[in-house]
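Undergrad: Pasted the sequence and its predicted model underneath.
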Amino acid sequence: MTSDNELLGGDELQEIIQEFIVECTDLIDSATRDLVGAEKNPSPQVINSLFRAVHTIKGTAGFLGFTHLASLAHRAEDVLGRARKGEINLEPAIITTLLKAMDVMKLLVDDISLCGPLCGTEASSGKEASSCTEASSGKVERDISRLLQELETIAGKPAETVVRTDTLLPGPTENVSAMPQEGMNRSIGPAIESAA
């Protein structure tokens, strides 16, 4: 699979990565402060701020091909998404796991800063990774794997299976079959024109 960072030119890519490192470091620092604050006051505003920070990290890391960072941010986002929907509470154990995830994300960003565009991507080999910092070590790779499992466990089942089934609306196919069949082959052009 070709990542977007493989398609960019050298100088352009370096500039984008430098901006990413600065933004990502700020987002991780902010999220860490918010998590510490959430221990005392897990308000919806704090949870939304955490979600947005991790979502941005996930998206940008994914765009640039930093798969380890994107995967970890994705799992943290899943947990925060459930907290945001009120499906789980940010209990101390969950906050501790999210803080560990932030620490590892920070190590991965530091690695990217030191090693360049291939660090933390599927394209990096063991030899390239071994020349980087501690985030590339086997210990941190095990930490990432363990954290991914912990976050996945906390995130639990997909949200639609967590919601009480007696509150669900009929599914899309049930709605379609209940629709009257008359006029189904009619053109929507006149309706669009009259709405304009």
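TA: Looks like it came in fine.
Undergrad: Could you tell me how many residues sit around D111?
TA: 24 (other Cβ atoms under 10 Å). No exception for glycine: its C-beta is placed from N, CA and C like everyone else's.
Undergrad: Check which helices and strands the helix or strand it falls within is in contact with.
TA: According to DSSP states H and E, D111 maps onto helix 92-115. Under the contact definition 3 or more Cβ pairs under 8 Å, 6 or more residues apart in numbering; DSSP states H and E, helix 92-115 sits against helix 10-38, helix 67-84, helix 138-155.
Undergrad: Please identify the most buried of those helices.
TA: helix 67-84 (a mean of 23; mean count of other Cβ atoms under 10 Å).
Undergrad: pLDDT of that one, averaged?
TA: Mean pLDDT, helix 67-84: 95.
Undergrad: Report the angle between it and helix 10-38.
TA: 30 degrees (axes from the mean of the first three to the mean of the last three Cα atoms, to 10 degrees).
Undergrad: Please pull out the lowest mean pLDDT helix or strand from the protein.
TA: Between all helices and strands in the chain, the lowest mean by mean pLDDT, DSSP states H and E belongs to helix 159-162, at a mean of 34.
Undergrad: thinking again about what came up before, buried stuff in the helix holding D111?
TA: Buried residues in helix 92-115, counted by 16 or more other Cβ atoms under 10 Å: 94-95, 97-98, 100-102, 104-113, 115.
Undergrad: same deal with stretch 35-52?
TA: Buried residues in stretch 35-52 (16+ other Cβ under 10 Å): 35, 38, 42, 46-47, 49-52.
Undergrad: for stretch 85-94, same thing?
TA: Those would be 88, 90, 94, for stretch 85-94 by 16+ other Cβ under 10 Å.
Undergrad: Kindly present those residues as JSON lines, with separate columns for distance to S145.
TA: Below are these laid out as JSON lines (distance: Cβ to Cβ, whole Å):
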{"residue": "I88", "distance to S145": "22"}
{"residue": "L90", "distance to S145": "23"}
{"residue": "I94", "distance to S145": "19"}
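Undergrad: which one of those sits closest to E23?
TA: Nearest to E23 out of these is L90 (Cβ to Cβ; 24.2 Å).
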